[in-house]
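Trainee: everything below, folded, please.
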Amino acid sequence: MTWRIARTQGYLPDDLHALVKERGLHASQLFQEAVRSEVRRLELVEEAQRYVDELLGEVGPPTSEVAARAEAIVKRLERNLERRTG
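Mentor: Numbers count the residues shown, from 1 in each chain. Presented below is the predicted three-dimensional model:
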């Protein structure tokens, strides 16, 4: 099997480049992993959106009461996260 690899350039700010070099990391491998991770993240976001759209088709949009309750839960979770991460 022959692997074909496309060449592309990536740019890092000086401080990040220095960290990569200090730790002896391979920038090419890091870029590949970052791209794979981002593509997977986007796939999951799209999948979640399809699921939400499907649910909306089945049960309809949330009432204003349900939306307000969900917003309150999100705010509470954000506050808890802020406390934990400082």
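Trainee: geometric centre of this structure: which residue is closest?
Mentor: residue 41 (4.8 Å; C-alpha atoms, centre = their mean).
Trainee: sec struct for it, please.
Mentor: helix (DSSP: H, G, I helix; E, B strand; the rest coil).
Trainee: just the pLDDT for it.
Mentor: What the model reports for residue 41 is a pLDDT of 98.
Trainee: same check, this time on residue 7
Mentor: 88.
Trainee: also the one 10 residues further on?
Mentor: If you check residue 17, the pLDDT there is 95.
Trainee: so which helix or strand takes in it?
Mentor: Residue 17 belongs to helix 14-22 when assigned by DSSP states H and E.
Trainee: can I get that helix in PDB, CA atoms only?
Mentor: Extracted in PDB, the C-alpha atoms of helix 14-22 (Å, rounded to 0.1, in the frame of the first residue of the first chain):
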ATOM      1  CA  ASP A  14       6.500  32.200  18.500                       C
ATOM      2  CA  ASP A  15       5.500  31.200  22.000                       C
ATOM      3  CA  LEU A  16       3.700  28.100  20.900                       C
ATOM      4  CA  HIS A  17       6.400  27.100  18.500                       C
ATOM      5  CA  ALA A  18       8.900  27.400  21.400                       C
ATOM      6  CA  LEU A  19       6.800  25.100  23.500                       C
ATOM      7  CA  VAL A  20       6.700  22.500  20.700                       C
ATOM      8  CA  LYS A  21      10.400  22.600  20.300                       C
ATOM      9  CA  GLU A  22      11.200  22.600  24.100                       C
END
